[in-house]
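Peer 1: heads up, no residue letters with this:
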């Protein structure tokens, strides 16, 4: 039964019970010490008029009960002032940009950071029941995996047209936000002859001289590209040999640290880690150098970070539009040293234009088979 807010009832044993209504016309009661005189002050009458008081309470209860039923039948209201993002991008890289979106829009953004592959697996498990509105992934493989699950909503043509076709979903489900190239970083005092293919790194002469980050999403997507281009058998054999040859690190930045320090001869990283470090230490002060493999080699993969919408929260599309806005794209270019996905934005001096990178001819949508890739990496013993 529902009661009028603040009503005080006295039971036969003389104890009083105060009833308070809460939001949504639901109510709860608890034992109290409010006297009948206090109840009179809120219009319930005096003790001698208890029968009239009870009649009034009963009438009010009926009205509130009906309203409560109507409220219960109404559709649930979504908190549209909050945006939930699952981000596979590093917090240090994207948090300032997300906070800028909050300041501009007044929308509260809740971010769950993690590895892109792990977040993709979490989204797959949560399915349509996920609380996430946005998946901001580090790589196209994770985006493709969620697209294949049918979890992304279709993006508008206005958003899609902002990005070149090769860096967005062919089915209009996600777009690239920034680009990055896989590169071979090496210490010139320790490497005098450059490999022409990433496959050469599996050969005996590279034992304990190469570094990789097998748990990193970008490495995993590169392995998927290796599978697509060269086949699963070659990829599996390469991984087994790399497991013997390579020093393993958790992050690209740690690989760069090791190459700079001379504790390992070379490594496979994303280009922007090197350029960020050059900004920190000054031009000409880098020990290591960058190189590309032969044209079309899987080691030259151009990958994208990207974003897809998971809900009908109106702020989700606003956030996607925000990320491909020219001023925000320039922040990614100047602060993170990544490639813009929007045409007409200059890149820093020294950065090879995307069009000049000898990348493999591969559809990024084909990099969605993370499951088999992870199985092969695990089978090699690297994770």
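Peer 2: Thanks, I have it. These figures come from a predicted structure and were not determined experimentally. Numbers count the residues shown, from 1 in each chain.

Peer 1: who's in contact with stretch 281-296?
Peer 2: Contacting residues not belonging to stretch 281-296 are listed as 181, 183-189, 194-198, 256, 259-260, 262, 271, 274, 277-278, 299-300, 357-361 [C-beta atoms under 8 Å, 6 or more residues apart in numbering]. Placement of C-beta: from N, CA and C, glycine included.

Peer 1: whoops, I mixed them up, stretch 86-98
Peer 2: Counting by C-beta under 8 Å, 6+ apart, the neighbours of stretch 86-98 from elsewhere in the structure are 85, 109, 111-117, 119-120, 122-123, 132, 134-139, 142, 217, 305, 323, 328, 331-332, 335-336.

Peer 1: Please spell out the ChimeraX selection for the buried subset of the residues you listed.
Peer 2: Listed next is the ChimeraX selection for buried residues among those, using 16 or more other C-beta atoms under 10 Å:
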select :85,109,111,113,115,116,117,119,120,122,123,132,134,135,136,137,138,139,142,217,305,323,328,332,336
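
Peer 1: Work out for me the element the closest residue to residue 87 other than its chain neighbours sits within.
Peer 2: The shortest distance from residue 87 to any residue other than its chain neighbours is 4.4 Å, reached at residue 136 (C-beta to C-beta, 6 or more residues apart in numbering). Taking DSSP states H and E as the definition, residue 136 sits inside strand 134-137.

Peer 1: now the helix or strand following that strand: mean pLDDT?
Peer 2: Scanning the chain past strand 134-137 towards its C-terminal end, the next helix or strand to appear is helix 140-148 (assignment: DSSP H and E). Per-residue confidence for helix 140-148 averages out to 92 on the pLDDT scale.

Peer 1: does residue 303 sit in a helix, a strand or a coil?
Peer 2: Under DSSP: H, G, I helix; E, B strand; the rest coil, residue 303 falls in the strand class.

Peer 1: so what's residue 212 up against?
Peer 2: Contacts were defined as C-beta under 8 Å, 6+ apart; by that measure residue 212 touches 219, 242, 246-249, 255, 267-268, 382.

Peer 1: burial of the nearest residue to residue 288 once chain neighbours are set aside, as a residue count?
Peer 2: Take residue 288 and drop its neighbours on the chain: the residue closest to it by C-beta to C-beta, 6+ apart is residue 259, 4.7 Å away. If you count neighbours by other C-beta atoms under 10 Å, residue 259 ends up with 26.

Peer 1: Please apply the same query to residue 153.
Peer 2: If you count neighbours by other C-beta under 10 Å, residue 153 ends up with 14.

Peer 1: and it, what element?
Peer 2: Secondary structure assignment for residue 153, by DSSP H and E: no helix or strand.

Peer 1: and residue 251, what is it in contact with?
Peer 2: Contacts for residue 251 (C-beta under 8 Å, 6+ apart) come out as 213, 216.

Peer 1: now it: how far from residue 279?
Peer 2: Between residue 251 and residue 279 the distance, using C-beta to C-beta, to the nearest Å, works out to 18 Å.

Peer 1: those helices in this structure, which residues are they?
Peer 2: Counting by DSSP state H, the chain has these helices, from start to end: 36-39, 50-73, 91-105, 116-126, 140-148, 157-160, 217-230, 232-245, 252-261, 271-281, 314-323, 326-331, 370-380.

Peer 1: in the fifth one, what counts as buried?
Peer 2: Buried positions in helix 140-148, judged by neighbour count with 16+ other C-beta under 10 Å: 140-148.

Peer 1: what's the closest of those residues to residue 233?
Peer 2: Looking at the buried residues of helix 140-148 and their distance to residue 233, the nearest is residue 141, at 20.0 Å (C-beta to C-beta).

Peer 1: tell me the contacts of the closest one?
Peer 2: Contact criterion C-beta under 8 Å, 6+ apart gives 116-117, 217, 220-221, 224, 303, 367-370, 373 as the residues in contact with residue 141.

Peer 1: Show me the domain layout of this protein.
Peer 2: According to the domain assignment given by automatic domain parsing, the chain is divided into the following structural domains: 7-73, 82-179+304-351, 180-300.

Peer 1: count of neighbours near residue 348?
Peer 2: Applying the criterion other C-beta under 10 Å, we find 11 residues in the vicinity of residue 348.

Peer 1: Poorly predicted segments of this structure, please.
Peer 2: By pLDDT under 70, the low-scoring segments of the chain are 1-80.

Peer 1: can you tell me which strand in it is longest?
Peer 2: Of all segments of type strand in the chain, defined using DSSP state E, the longest is strand 174-186.

Peer 1: which secondary structure elements does that strand contact?
Peer 2: helix 140-148, helix 217-230, helix 252-261, strand 266-270, helix 271-281, strand 289-291, strand 302-309, strand 339-340 (3 or more C-beta pairs under 8 Å, 6 or more residues apart in numbering; DSSP states H and E).

Peer 1: With distance to residue 378 as added columns, please give the ones you listed in CSV.
Peer 2: Compiled in CSV, the helices and strands packed on strand 174-186 are given as follows (distance: least, C-beta to C-beta, whole Å):
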stretch, distance to residue 378
helix 140-148, 16
helix 217-230, 11
helix 252-261, 21
strand 266-270, 19
helix 271-281, 25
strand 289-291, 30
strand 302-309, 21
strand 339-340, 31
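
Peer 1: Could you point out which of these sits nearest residue 177?
Peer 2: Among the helices and strands packed on strand 174-186, if distance is taken as C-beta to C-beta, the winner is strand 302-309, at 5.2 Å.

Peer 1: Pairing partners for the closest one, with directions?
Peer 2: Based on DSSP bridges, the strands next to strand 302-309 in the sheet, each with its direction, are strand 134-137 (antiparallel), strand 174-186 (antiparallel).

Peer 1: need the contacts of residue 141 in CSV with distance to residue 295, can you?
Peer 2: Below are those laid out as CSV (distance: C-beta to C-beta, whole Å):
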residue, distance to residue 295
116, 28
117, 29
217, 25
220, 23
221, 20
224, 20
303, 17
367, 19
368, 25
369, 25
370, 26
373, 24
